[in-house]
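A.B. asks: Sequence below, structure please.
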Amino acid sequence: MSNVTTTVTTDGESTAQKYLQTVTLALLILLGLGLNLIVIVTYISSKLLRHSKHNVFIIHLMLCDMIYVLWVMPVSGAVVFCPHDACFPALRQGFLCEVTGFLSVFQCTLASLTLAAIAMDRYVAVLHPVGYITDFTKNKCLGLLTICWLWAGLTAMPPLLPTRTAYYYFEDGTKHCSPSFRVSCWYFWYAIVMGYGIPLPTMAFCYFKVSRTLRAHKMKIFAASVVRPRSVKGGAEVIGVKEISVCPNTAITHAATVNDGGTTYSDNHNNDEHTPLPAKKTQISVIDKQIAKRGALLITAYFLCWGPYAVTHACPLHVHTPLWVDVGAMWLVYSLTVINPLIYVFNNRQFRTELKKIFVKCPRC
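C.D. replies: This next block holds a predicted model:
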């Protein structure tokens, strides 16, 4: 049997691995750019979407992804296309290297903080609907996002300080300048706590409370729909109970008594025995049902996409992995630029409706 040889480049990767990296990264850049631009253009074009306070956080998340798509990912692409030091040397050291490293840490921290802000927004909307409508203004949303920017800046700043206890350097596994997590243990744990140790538990708590509140709300309305009247005199009309639809801001409204078609119930038996009201099929708003689903998808996606990178760069474990594993871990992080709009936006009925309106107005676009 003939021997099959594989061409290996100077940096220890085979030609097949290079082609695979090139194709997958190009797809991620195109999909990330296209999906995030669609979201941003649709948001700008729709008065309804711009009016929603919640969508301020969504658009901010898309803008965070654009930092990766327009700067960090193309830098990795340039290194993949030309792996030699002679090509784009400024991207491997110096000012541009530090800018790339700073933006990489800044973006991932800002994105996780934005996701935590989205979870907090849903928490207030569902558990404190009246306060959400009256007190949670757009200015407060922008103030919360300002805190997220300052937080992300503090997370990414230490490698740029004169102390140089941490630094940004070019890493073959990420194909761009990255923080020195493997040797600067204090910075690794600092970034983990600031970027994930606080935001992820916050997200989990908020979505858990939201899910439990919605479930309790559904059970209460179901119980109200089958309740029996205490006393009904002959020929008296009984007012039924049914659910009022949840408002677009997902603020839960209380069940209200309304005239259910004017149905008359008569009591021909003893006072202790009454004809039950017909059970109504309760319907919680589709938007409300999807809150818990999106929260679960979000947390799962972040663990799956960031988990391998955190393990391969853990300190002081010093996990030694092949180069293709490090690259695959970085590519999984890049895939969040595609996953985020799919989870948060294209799974939203209101956004899909507004997107269809754009195509109807511009059929040739």
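A.B. asks: Going by neighbour count, list what's buried in the longest helix along the chain.
C.D. replies: For the chain, the longest helix by residue count, based on DSSP state H, is helix 95-127. For helix 95-127, a neighbour-count test (16 or more other Cβ atoms under 10 Å) marks 97-127 as buried. (Glycine included, C-beta is placed from N, CA and C.)
A.B. asks: any idea of the mean pLDDT in it?
C.D. replies: Mean pLDDT, helix 95-127: 92.
A.B. asks: Now do that helix: which elements does it pack against?
C.D. replies: helix 54-67, helix 129-134, helix 138-156, strand 168-171, strand 176-179, helix 199-225, helix 286-312, helix 336-344 (3 or more Cβ pairs under 8 Å, 6 or more residues apart in numbering; DSSP states H and E).
A.B. asks: Tell me which of the ones you listed sits nearest to I29.
C.D. replies: helix 336-344 (8.4 Å; Cβ to Cβ).
A.B. asks: Which residues outside that closest one are in contact with it?
C.D. replies: For helix 336-344, the external contacting residues (Cβ atoms under 8 Å, 6 or more residues apart in numbering) are 28, 31-32, 35-36, 38-39, 58, 61-62, 65, 68-69, 73, 111, 118, 294, 297-298, 301-302, 305.
A.B. asks: Flag the shaky bits of the protein, pLDDT-wise.
C.D. replies: 1-12, 221-292, 362-365 (pLDDT under 70).
A.B. asks: winner for burial among the helices and strands packed on helix 95-127?
C.D. replies: strand 176-179 (a mean of 25; mean count of other Cβ atoms under 10 Å).
A.B. asks: tilt between the next helix or strand after that one and helix 286-312?
C.D. replies: Remark: after strand 176-179, the chain's next helix or strand is helix 185-192, criterion DSSP states H and E. Here helix 185-192 runs at an angle of 170 degrees relative to helix 286-312 (axes from the mean of the first three to the mean of the last three Cα atoms, to 10 degrees).
A.B. asks: What residues sit buried inside helix 185-192?
C.D. replies: So for helix 185-192, counting by 16+ other Cβ under 10 Å, buried means 185, 187-188, 190-192.
A.B. asks: Show me what stretch 158-172 is in contact with.
C.D. replies: 11, 91-93, 97-98, 100-102, 176-180, 184, 186-187, 190, 323, 326.
A.B. asks: okay, how far is it across stretch 41-57, tip to tip?
C.D. replies: 15 Å (Cα to Cα, to the nearest Å).
A.B. asks: Please spell out which residues along that stretch are buried.
C.D. replies: 42-43, 46, 49, 52-57.
A.B. asks: Over to stretch 17-29?
C.D. replies: 17-18, 20-21, 24-25, 28-29.
A.B. asks: Mind listing residues that contact it?
C.D. replies: 9, 13, 69, 73-74, 76-77, 80-81, 83, 175, 324, 327, 331, 334-335, 337-338.
A.B. asks: Okay, and which of those residues map to helices?
C.D. replies: 73-74, 76-77, 80-81, 324, 327, 331, 334, 337-338.
A.B. asks: what about the closest residue to G195 other than its chain neighbours, distance to S184?
C.D. replies: Distance criterion Cβ to Cβ, 6 or more residues apart in numbering; nearest residue to G195, sequence neighbours excluded, is T109 at 4.2 Å. Using Cβ to Cβ, to the nearest Å, T109 is found at 16 Å from S184.
A.B. asks: Likewise for L31?
C.D. replies: Taking Cβ to Cβ, one finds L31 at 33 Å from S184.
A.B. asks: these two touch, right, Y187 and V193?
C.D. replies: No - counting by Cβ atoms under 8 Å, Y187 does not reach V193; the two are 10.8 Å apart.
A.B. asks: re earlier: mind giving me JSON lines with the buried residues of helix 185-192 and columns for distance to I198?
C.D. replies: As requested, the buried residues of helix 185-192 are arranged in JSON lines below (distance: Cβ to Cβ, whole Å):
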{"residue": "C185", "distance to I198": "19"}
{"residue": "Y187", "distance to I198": "16"}
{"residue": "F188", "distance to I198": "16"}
{"residue": "Y190", "distance to I198": "12"}
{"residue": "A191", "distance to I198": "12"}
{"residue": "I192", "distance to I198": "10"}
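A.B. asks: and which of those is nearest to T137?
C.D. replies: Nearest to T137 among the buried residues of helix 185-192, with distances taken as Cβ to Cβ, is A191, at 32.1 Å.
A.B. asks: Not counting residues beside it along the chain, what's closest to that closest one?
C.D. replies: Nearest to A191 is T155, by Cβ to Cβ, 6+ apart, at 5.8 Å.
A.B. asks: The one you found and Q107 touch, don't they?
C.D. replies: No - look at T155 against Q107 with Cβ under 8 Å: they stay out of range, at 10.6 Å.
A.B. asks: Tell me which residues touch L49, please.
C.D. replies: So L49 contacts 42-43, 55, 350-351, 354 (Cβ under 8 Å, 6+ apart).
A.B. asks: Please apply the same query to T137.
C.D. replies: K53 are the contacts of T137 under Cβ under 8 Å, 6+ apart.
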